[in-house]
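>>> What follows is a predicted protein model with its sequence.
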Amino acid sequence: MTTDSPDKVEYFFNTRTKMVEKGRQSPWEHVMGPYDTHEAAERAFEIAAQRNQEWKDDDESWQGEDS
């Protein structure tokens, strides 16, 4: 999720205000992102939880701990 062009808009989810920001307006410690769309930024916690579960599953599989 890097900026490919100077015209590309990125969205961030502010964990303090629970609001989506167009462009990073707050300090890094208060935002999640960047996301490509406003809708994706709104789902920041859901996306993070899904990625964490995928990483956990991958780790368990790699370590041979599948149950």
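Everything's here; your move.

>>> Quick check: which ranges of this structure have low pLDDT?
Within the chain, the ranges that satisfy pLDDT under 70 run 1-5, 65-67.

>>> All the helices of this protein, in order from the start?
Using DSSP state H, the helices of the chain run over residues 38-42, 44-63.

>>> Pick the most deeply packed of the ones you listed.
Ranked by mean neighbour count under mean count of other CB atoms under 10 Å, the helices of the chain are led by helix 38-42, which reaches a mean of 16. In this view, the C-beta of every residue, glycine as well, is placed from N, C-alpha and C.

>>> so what's the residue most central in space within the chain up against?
What sits nearest the mean C-alpha location of the chain, by CA atoms, centre = their mean, is Gly33, with 4.5 Å. Listed by CB atoms under 8 Å, 6 or more residues apart in numbering, the contact partners of Gly33 are Met1, Glu10, Tyr11, Phe12, Phe13, Arg24, Ala41, Ala44.

>>> make it 7 Å
Glu10, Tyr11, Phe12, Phe13, Ala41, Ala44 (CB atoms under 7 Å, 6 or more residues apart in numbering).

>>> Which members of those residues define the maximum pairwise distance?
Using CB to CB, the two most remote members of the contacts of Gly33 are Glu10 and Ala44, lying 12.7 Å apart.

>>> Give the burial count for Val31, as a bare number.
By other CB atoms under 10 Å, the residues close to Val31 number 21.

>>> Just give the nearest non-adjacent residue to it, would you?
Phe12 (4.2 Å; CB to CB, 6 or more residues apart in numbering).

>>> Number of residues surrounding the one you found?
If you count neighbours by other CB under 10 Å, Phe12 ends up with 22.

>>> ok, it touching Pro27?
No - Phe12 lies out of contact with Pro27 (CB atoms under 7 Å); the separation is 10.7 Å.

>>> Between those two, which contacts overlap?
Counting by CB under 7 Å, 6+ apart, nothing touches both Phe12 and Pro27.

>>> hang on, the earlier thing: in JSON lines: the contacts of Gly33, plus distance to Gln63.
As requested, these are arranged in JSON lines below (distance: CB to CB, whole Å):
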{"residue": "Glu10", "distance to Gln63": "35"}
{"residue": "Tyr11", "distance to Gln63": "35"}
{"residue": "Phe12", "distance to Gln63": "34"}
{"residue": "Phe13", "distance to Gln63": "32"}
{"residue": "Ala41", "distance to Gln63": "33"}
{"residue": "Ala44", "distance to Gln63": "28"}
